[in-house]
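J.: turn this into a model:
(one chain, ligands or ions: 1)
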Amino acid sequence: MTDYSIRSAQEAESAQIKALIHEVGINPTGLDWRRFLVAVDGLGRVIGCGQIKPHGSDILELASIAVSPEHRGQGIARRIIEQLLAENPRPLYLMCVEHNGAMYEKFGFRAIELEAMPRYFQRMKKLFDLSKLLHKTEEGLLVMMVE
Ligand SMILES: CC(C)(COP(=O)(O)OP(=O)(O)OC[C@H]1O[C@@H](n2cnc3c(N)ncnc32)[C@H](O)[C@@H]1OP(=O)(O)O)[C@@H](O)C(=O)NCCC(=O)NCCS
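T.: The predicted structure follows:
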């Protein structure tokens, strides 16, 4: 088991956060270190992260949940998600590929239909569906919400 702690990110960790997001291949935009919680190992390396990203003044997105491959399956993402949920108001939204939906259901998130999505997520969902069509990929995007 990895020895790690969870805390707010520091400015000096900005590059490590970006590198981790890049490594796991998720949305690389909007990675302001000030919003991040990080999991840090005994050597001070960022091995996990997550943030709450605002869209306008009233929409909040749980985003950038990532754990480095060699540290997965130990509950690190769970601790990051639980702390972000404990520290932030509702509703919270998120976007994920379908195979990750089951993980977020464990935290009370439920997939919502296009009509129930705030405009930002409607736009993202339509863009994703278009790109899915163009690239002939199978997996869809879920927009989920917890109240
Ligand atoms: C998804 C990811 C963050 C999980 O990190 P992790 O530290 O291994 O997750 P945890 O060990 O904390 O697992 C938390 C719970 O979710 C479950 N879980 C993890 N990944 C899951 C998945 N893809 N589908 C369903 N359940 C999943 C675990 O079984 C665990 O359940 P439990 O606590 O009830 O036993 C990690 O695999 C990752 O970085 N993936 C690539 C980036 C990514 O897809 N991020 C999500 C973007 S939406």
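J.: how about the residues of the protein by the ligand?
T.: Counting by Cβ under 6 Å from any ligand atom, the residues of the chain lying close to the ligand are 24, 26, 65-67, 72-78, 96, 99-100, 102-103, 106. Bear in mind the C-beta positions are built from the backbone N, C-alpha and C, glycine included.
J.: select only the buried ones of those residues in PyMOL?
T.: Only the buried members of these enter the following PyMOL selection, criterion being 16 or more other Cβ atoms under 10 Å:
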select buried, resi 24+26+65+66+67+76+77+96+100
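J.: go through the residues of the chain next to the ligand and flag which are in helices.
T.: Per DSSP state H, helices hold the following members of the residues of the chain next to the ligand: V24, I76, A77, R78, A102, M103.
J.: and the residue lying closest to the first one once chain neighbours are set aside, bridged to which residues?
T.: Spelled out, it's V24. Sequence neighbours aside, A66 is the residue nearest to V24 in space, at 4.5 Å (criterion: Cβ to Cβ, 6 or more residues apart in numbering). Listed beta-bridge partners, A66: C49 (assigned using DSSP bridges).
J.: my read: A66 touches V46, true?
T.: No: using Cβ atoms under 8 Å, A66 is not in contact with V46; the gap is 9.5 Å.
J.: common neighbours of those two, please.
T.: Residues touching both A66 and V46 (Cβ atoms under 8 Å, 6 or more residues apart in numbering) are L20.
J.: residues near K18, how many?
T.: Counted with other Cβ atoms under 10 Å, the neighbours of K18 add up to 16.
J.: equivalent analysis for L31, please.
T.: By the measure other Cβ under 10 Å, the count of residues near L31 is 19.
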